[in-house]
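Asker: generate coordinates for the sequence data below:
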Amino acid sequence: MKKVFVFDDNKSRQDHYIKTLNSDPYFNKVFEAFPFNFEELDELNKRRINERKNEDNIDFDLEIDQSDIFIVDFDLVEKDPNLDGEDLSYAVNCFSLCKFVIGLNKFGKKKFDFNLNRYPESYSNINIGNEHLVGTGLWGDGPDGFFPWSNFDINQFLGNRSRRMDQIEPEFNSSFVEVLKLNDLLPLMSQKAIEFIQGQRPVQDEDLGNEMNEGVMNLEFIKNLSFDDIAKNSLKGRDVIHNKKLKIKIAEFRLYKLFRDLILPGQDILVDIPHLILRYPSLLNGDLKNIEDWNKLISNSNEVLHNEQILPHSYDFSYWLPRPVYNWNELSEDLNIKEVKEPWLREEISFEFCEDASKFFPKDETIPFKANVESTFDIRFIKKFDNVNYQPYSRLRSW
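Answerer: Numbers count the residues shown, from 1 in each chain. Next comes the predicted model:
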């Protein structure tokens, strides 16, 4: 069984989270939850200090080093008024070998963010409310009710993680842009994504635009950043890390957030299947008027997808993302696709994909909203469920 450690400064809440998880049939197939030994935080802080001193003699013998997942509540004031869940997320994700960190309740217990903000600045891999802990897709269960598309199967993430780490290790001092084949995608990335990649790195004179492209940032410095640079630029303040295992881990963690939190939400650089097929319905190998065929795209896309038309445009390293994605620029220029060659013949579709349900619904059962993404594809849809805190309401749109 894969180990999951849980920490809340209130023991009754902590015990409740552990019981909830261990009682869930999808979770307990693979995982088992235990209380986190808070004293190990002191050991992680010692590592942090020793790394600053270049005393790299880590044994990785803590329980947290052997764990797969760490779950921590944000509000820890009962334990220490000067401590919060982000502090523990940083310590665990940067100074232990724990593979995945879930931050709880920083943004509410059961919230849907119309901004589609996935909080890339957080040192948790994912931020959710405690009411998202089970039944929302994290442990391999299928869409049913409130089921945000931004969630993903963590066990699948852990399975692909070794592939990402194995890709980084031999190329640790190489350009991450070259290794991950991002040269064509880099100029399309948002300002926020570029700033995230830069991290704590100070701006140099050579980063600035020249007379030929006044006001445009020179992206050559991004292209030259290595995986090692990504790790170093991701640390706080005066922190440094010399241990290569930890640096590879941090580079993987931060670059996964780049893909999932900053590139994918716009659906205009890399696009996933539900958003792609709404634009090009001819790619659906099924009945365009049958919602069951549309929803097979979520659970069994190979059955109802013209794969031969989109596979040439798939991103080579799809294990860096929660689900298969495709190069939108290439697709939008592929004249073998009916809607590209003859856009005026595109069939009208009576369904929309709902971001809060991870399913297609009839248009008249959905509500549009304007996502806060730097993309022309910023109008998205929700089904809207009771007992979910949808914010901010100013982003709702009417038909």
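Asker: spatially central residue in the chain, please.
Answerer: Geometric centre of the chain, nearest residue: Arg260, 3.4 Å, by CA atoms, centre = their mean.
Asker: give the contact list for that residue.
Answerer: Contacts for Arg260 were tallied using CB atoms under 8 Å, 6 or more residues apart in numbering; they are Arg118, Phe152, Leu321, Pro322. All C-beta spots, glycine's among them, are computed from the backbone N, C-alpha and C.
Asker: residues near the nearest residue to Arg48 once chain neighbours are set aside, how many?
Answerer: Closest residue to Arg48 apart from its sequence neighbours, by CB to CB, 6 or more residues apart in numbering: Phe95 at 5.4 Å. By other CB atoms under 10 Å, the residues close to Phe95 number 27.
Asker: hmm, Phe95 is touching Leu41, no?
Answerer: No - when contacts are counted by CB atoms under 8 Å, Phe95 is not listed as touching Leu41 (9.8 Å).
Asker: so who does the residue nearest to Arg48 touch?
Answerer: Shown in contact with Phe95 (CB under 8 Å, 6+ apart): Leu44, Arg47, Arg48, Glu51, Ile241, Leu246.
Asker: can we see that at 7 Å?
Answerer: Phe95 sits next to Leu44, Arg47, Arg48, Leu246 when contact means CB atoms under 7 Å, 6 or more residues apart in numbering.
Asker: go on, Asp316?
Answerer: Lys181.
Asker: related to what we said a few turns ago, by neighbours, which of the contacts of Arg260 wins?
Answerer: Pro322 (22 neighbours).
Asker: what's the separation between it and Ile310?
Answerer: 18 Å (CB to CB, to the nearest Å).
Asker: one step back: so is the residue nearest to the centre of the chain in a helix, a strand, or just coil?
Answerer: The three-state label given to Arg260 by DSSP: H, G, I helix; E, B strand; the rest coil is helix.
Asker: quick one: pLDDT of it?
Answerer: You'll see Arg260 listed with a pLDDT of 95.
Asker: distance from stretch 30-45 to the middle of the chain?
Answerer: Counting by CA atoms, centre = their mean, to the nearest Å, stretch 30-45 is centred 23 Å from the centre of its parent chain.
Asker: now do the end-to-end distance for that stretch.
Answerer: 30 Å (CA to CA, to the nearest Å).
Asker: contacts for that stretch, please.
Answerer: Outside stretch 30-45, the residues that touch it by CB under 7 Å, 6+ apart are 1-7, 14, 18, 21-22, 62-64, 70, 88, 91-92, 95-96, 155.
Asker: mind redoing it with 8 Å?
Answerer: With contact meaning CB under 8 Å, 6+ apart, stretch 30-45 is reached by 1-7, 14-15, 17-18, 21-22, 27, 62-64, 68-72, 79, 88, 91-92, 95-96, 139-140, 155.
Asker: stretch 285-302 now?
Answerer: 142-143, 273-274, 277, 281, 284, 303-306, 324, 347, 349-351, 358-362.
Asker: now, of those, which are buried?
Answerer: Buried positions within the contacts of stretch 285-302, assessed by neighbour count (16 or more other CB atoms under 10 Å), are 143, 273-274, 277, 281, 284, 304-305, 324, 349, 351, 358-361.
Asker: where along the stretch 101-250 of the chain do the strands fall?
Answerer: 111-113, 126-128 (DSSP state E, counting those that start in this stretch).
Asker: what about Phe114, neighbour count?
Answerer: 21.
Asker: could I get the strands of the stretch 101-250 of the chain in a markdown table, plus columns for mean neighbour count?
Answerer: Formatted as a markdown table, the strands of the stretch 101-250 of the chain follow (neighbours: other CB atoms under 10 Å):
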| stretch | mean neighbour count |
| --- | --- |
| strand 111-113 | 20 |
| strand 126-128 | 23 |
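Asker: can the ones you listed go into CSV with extra columns for distance to Asn389 and mean pLDDT?
Answerer: Shown next, in CSV, are those (distance: least, CB to CB, whole Å; pLDDT from 0 to 100):
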stretch, distance to Asn389, mean pLDDT
strand 111-113, 5, 91
strand 126-128, 13, 94
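Asker: report how many residues lie close to Asn54.
Answerer: Neighbour count for Asn54, taken as other CB under 10 Å: 8.
Asker: kindly report the same for Lys181.
Answerer: Using other CB under 10 Å, Lys181 has 11 other residues around it.
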